[in-house]
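S.K.: Attaching a predicted model along with its sequence, questions to come.
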Amino acid sequence: MMMMSCRNIDLGGTSVLDLMPCGCSSSSSPTTRRVFFSKCSKTVCSIGRRSFGPGNLVFLRRDSGSCRAIPAIPKESSLVNGLGEDKTVMINLKQESRQPISLENLFEVVADDLQSLNDNLLSIVGAENPVLVSAAEQIFSAGGKRMRPGLVFLVSQATAELAGLKELTVEHRRLAEIIEMIHTASLIHDDVLDESGMRRGKETVHELFGTRVAVLAGDFMFAQASWYLANLENLQVIKLISQVIKDFASGEIKQASSLFDCDVKLDDYLLKSYYKTASLVAASTKGAAIFSRVETEVAEQMYQFGKNLGLSFQVVDDILDFTQSSEQLGKPAANDLAKGNITAPVIFALENEPRLREIIESEFCEPGSLEEAIEMVRSGGGIKRAQELAKEKAEVALKNLNCLPRSGFRSALEDMVMFNLERID
């Protein structure tokens, strides 16, 4: 059993004690406590290898048979159809000595599902054309994290529990495969449009096989995914995923029409980010909920979860473009800025750095001007403000999960949100 110690607790504010069954060795009685501590003055809890420091709210809960401590958040009164936990509002908390979240651990509860997906991906692409198969093998083997199908499986499992399903359906599994095919097709086309020679540290499809083959390979994957989607025979999901493919095109057009435009507003950036990234994530999570046959309100919360998580991920990716090296990114650093794509860190830095506008609008025509612009984004508050935006979207995403009952799958979804933010810690 996991051992717990608590000490130096100064409530100083509000404390809430709720009762729930647990049974681990941290209990003081057969009926154990879920405890919320507010405004602790010192480190209050250490569970396993994690400690929680000043200003933290901590609660203990049962996940897959053991207690763990995670950041807790103030309660609101409403519930979604009386299901799950009280709705909450996330606040900015710092944990001391907290172990980083790894994708391997995060997806452990759906590891078998992901392995089955990996085994099936190439077979569902088809073997009619050896060149297309080679192109698919190249990108499927390029070290992708399979985050989107992983999300499909986690939401599927979490909502299946809510709906009383004992196991995932064929539709759940096929949806995960379709989502990964659509994502892969979009990456192939993105690399062509961006003229990127590297992705995930490997040569891109168009670099190896040429632009013509890359465009056709992406088209073929979109078509194959659409065929499998139609065979699911669920009109609601078909409409949902079809809209994503339309959004991809809208996002690319929106981006191409605003290159080197320093008057791009934050709302424009978020809309483009929704089209290019969050739309697919939102459709993935809602589609999974639909196939679990949960109530409409829950399915909509899963859509909002995917949307907010997707936006947070995109903002973090745009931050990393300025804070990581080419080796870490697996592609050239500051690549978006070099090509005139105005992202959140740049939008915020432009408010404080008039010279940055001049450099960008000149399209970096002077030697060293790109490096100067990168430094201005870093020193002009662009990174910090973008971090705040990513956390804001993450907090809303966590709130969207409150319609789900407590389980290991919901915990993994929460950890996915925190994993994303840890990339910029």
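M.R.: Cool, the structure landed. Numbers count the residues shown, from 1 in each chain.
S.K.: doesn't residue 125 make contact with residue 136?
M.R.: Yes. Using CB atoms under 8 Å, residue 136 makes contact with residue 125 at a distance of 4.6 Å. C-betas here are computed from N, CA, C, even on glycine.
S.K.: Mind listing the shared neighbours of those two?
M.R.: residue 221 (CB atoms under 8 Å, 6 or more residues apart in numbering).
S.K.: Who has more neighbours out of the two?
M.R.: residue 136 (26 against 23; other CB atoms under 10 Å).
S.K.: what helix or strand does that one sit in?
M.R.: helix 130-140 (DSSP states H and E).
S.K.: elements contacting the next helix or strand after that helix?
M.R.: Next helix or strand after helix 130-140 toward the C-terminus (DSSP H and E): helix 147-163. Judged by 3 or more CB pairs under 8 Å, 6 or more residues apart in numbering; DSSP states H and E, helix 147-163 is in contact with helix 103-106, helix 111-125, helix 170-194, helix 279-291, helix 296-323, helix 408-422.
S.K.: Now do helix 147-163 and helix 170-194, the angle between them.
M.R.: If you take axes from the mean of the first three to the mean of the last three CA atoms, to 10 degrees, helix 147-163 sits at 150 degrees to helix 170-194.
S.K.: buried stuff in helix 147-163?
M.R.: 147-162 (16 or more other CB atoms under 10 Å).
S.K.: With stretch 184-201 instead?
M.R.: Buried, per 16+ other CB under 10 Å, within stretch 184-201: 184-192, 194, 196, 198-199.
S.K.: what's the burial count for the residue nearest to residue 374 when sequence neighbours are not counted?
M.R.: Take residue 374 and drop its neighbours on the chain: the residue closest to it by CB to CB, 6 or more residues apart in numbering is residue 334, 5.1 Å away. Using other CB under 10 Å, residue 334 has 18 other residues around it.
S.K.: Is residue 334 in contact with residue 370, as I believe?
M.R.: Yes. Residue 334 lies in contact with residue 370 (CB under 8 Å); the separation is 6.9 Å.
S.K.: Show me whatever sits in contact with both of the two.
M.R.: Joint contacts of residue 334 and residue 370 (CB under 8 Å, 6+ apart) do not exist.
S.K.: Residue 258 looks like it's in a strand, true?
M.R.: No. Read with DSSP: H, G, I helix; E, B strand; the rest coil, residue 258 is coil and lies in no strand.
S.K.: For it, which non-adjacent residue is closest in space?
M.R.: That would be residue 264: by CB to CB, 6+ apart, it lies 5.3 Å from residue 258.
S.K.: quick one: that neighbour and residue 342 touch, right?
M.R.: Yes. Taking contacts as CB under 8 Å, residue 264 lies within contact range of residue 342: 4.6 Å.
S.K.: which neighbours do the two share?
M.R.: Joint contacts of residue 264 and residue 342 (CB under 8 Å, 6+ apart) are residue 258.
S.K.: Centre of the chain to stretch 318-329, how far?
M.R.: In terms of CA atoms, centre = their mean, to the nearest Å, the centre of stretch 318-329 is set 17 Å apart from its chain centre.
S.K.: Give me the buried stretch members for it, please.
M.R.: 318-319, 321-323, 329.
S.K.: How about residues contacting it?
M.R.: Residues contacting stretch 318-329 (CB under 8 Å, 6+ apart): 201, 332-337, 343-345, 374, 377-378, 382-383, 386-387, 390, 423-424.
S.K.: And those residues, which of them are buried?
M.R.: Buried among the contacts of stretch 318-329 (16+ other CB under 10 Å): 332-337, 343-345, 374, 377, 382-383, 386-387, 390, 424.
S.K.: pLDDT below threshold where in the stretch 51-200 of the chain?
M.R.: Confidence mapping of the stretch 51-200 of the chain against pLDDT under 70 gives the ranges 51-98, 126-129, 139-144, 200.
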